[in-house]
Structures are given as C-alpha cells and as structure tokens.
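# predicted model and sequence below, questions to follow.
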Amino acid sequence: MEIEIHHQPIHFDLYGIAQKVTEHSYAVTGRKMMDRLWNEIKLHSYPHKGINIWAYLPDQIMMTAVEMKTPLQHLNGLEFKYVEFTKYAYYKHIGSYSLISEAYTQMAQELDSRGIQHHIPMVEIYGHWQPDETKLVTELIWQIE
C-alpha cells in the first residue's frame, strides 16, 4: 500500500447534508444523503465542481458534499462545513467502492506499523463514475499526528 504523508495543510469548503450515523451504517446512510444532496443541488441550480466528497467528522457525524465554484450566499437546505487537515495521510484507492472499507483497514494497519496516530476527520473524494468498477478512483485523506 502506497500511503503518502503530507505535512502541508489542506482544507475543503464543503456544502452538503450532514447527520449522525448509527450502527456504523455509513454506506447506506451516505447513499441516502447523496440523493438528498443532489436533489437540492438540482432544485437550486448550484454551481458545483461536480465531485462527490464524503467527510467523517467527530461524534459519528458524516457529511456528503460537494465544493462549489463560488461560495453560496443562501444554503437553502444545505449545510456548510470547513474541514481542515494540518497533517494527513493520503491513499489513492482504485477499484470498487465496496472495497474502500478494506482499504481503510489496510491504511490503519500501515500507519500503526509506522507509529503514526490517525483520527478523524477523514475525507473520501470520489472520482467520476464509470461502469468498470476496477477503474473507479477514490482519494482517501486521514488526519494524522
């Protein structure tokens, strides 16, 4: 597993739907939230960048979001969250979305073996959809100490 360690801060200005996740049902909850997010985006014709981002935040809060081309003046059903990483681990997962959980497990094991502490926030940046699941790209970003 090729994990990159980055020491320069990055941040995301996220607009989306956030809620607490129960019973670790992140995938099911996330898909439902994505439907609500895209309904709001289409309803209000928001000028978005077109990339889906899932953020995992303290207290089991998950956010499905996008970045906008320009800041929104009126949120109309969306929430805004600024998510910053001061130092982070980065991994580019290529393959089925169903294997992302396994990638996180391997990522955690690798970071643990290097003695690197990791914790939320975590962000998944989804590349553009394509029918060949073996070519799907998801960038994983995890706050580290």
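Thanks, I have it.
# C-alpha only now, for contacts and for neighbours.
Noted.
# could you give the mean pLDDT of the longest strand seen in the chain?
Determined from DSSP state E, the single longest strand within the chain is strand 10-20. Averaged over strand 10-20, pLDDT sits at 97.
# in it, what's buried?
Leu14, Tyr15, Gly16, Ile17, Ala18 (16 or more other Cα atoms under 10 Å).
# mind checking how far the second one is from Met1?
In this case it means Tyr15. 31 Å (Cα to Cα, to the nearest Å).
# and what of Gln109?
From Gln109 across to Met1, the span is 10 Å (Cα to Cα).
# specify which residue of these two has the higher count of neighbours.
More neighbours surround Gln109 than the other of Gln109 and Met1, with 13 against 10 (other Cα atoms under 10 Å).
# the more buried one belongs to a helix?
Yes. Gln109 forms part of a helix when assessed by DSSP: H, G, I helix; E, B strand; the rest coil.
# what is the longest strand of the chain packed up against?
Contacts defined by 3 or more Cα pairs under 8 Å, 6 or more residues apart in numbering; DSSP states H and E place strand 10-20 against helix 26-44, strand 61-66, strand 79-85.
# so which of these is nearest Pro9?
Distance to Pro9, taken as Cα to Cα, is lowest for strand 79-85 among those, at 5.4 Å.
# report the distance from the helix or strand of the chain with the lowest mean pLDDT to the chain centre.
When the helices and strands of the chain are scored by mean pLDDT, DSSP states H and E, helix 26-44 comes last with a mean of 94. The chain centroid and the centroid of helix 26-44 are separated by 14 Å, computed with Cα atoms, centre = their mean, to the nearest Å.
# who does the longest strand of the chain pair up with?
Strand pairing for strand 10-20, determined by DSSP bridges: strand 61-66 (antiparallel), strand 79-85 (antiparallel).
# of those, which stretch is the most buried?
Stretch with highest mean neighbour count among those: strand 61-66 (a mean of 24; mean count of other Cα atoms under 10 Å).
# give me the angle between it and helix 26-44.
40 degrees (axes from the mean of the first three to the mean of the last three Cα atoms, to 10 degrees).
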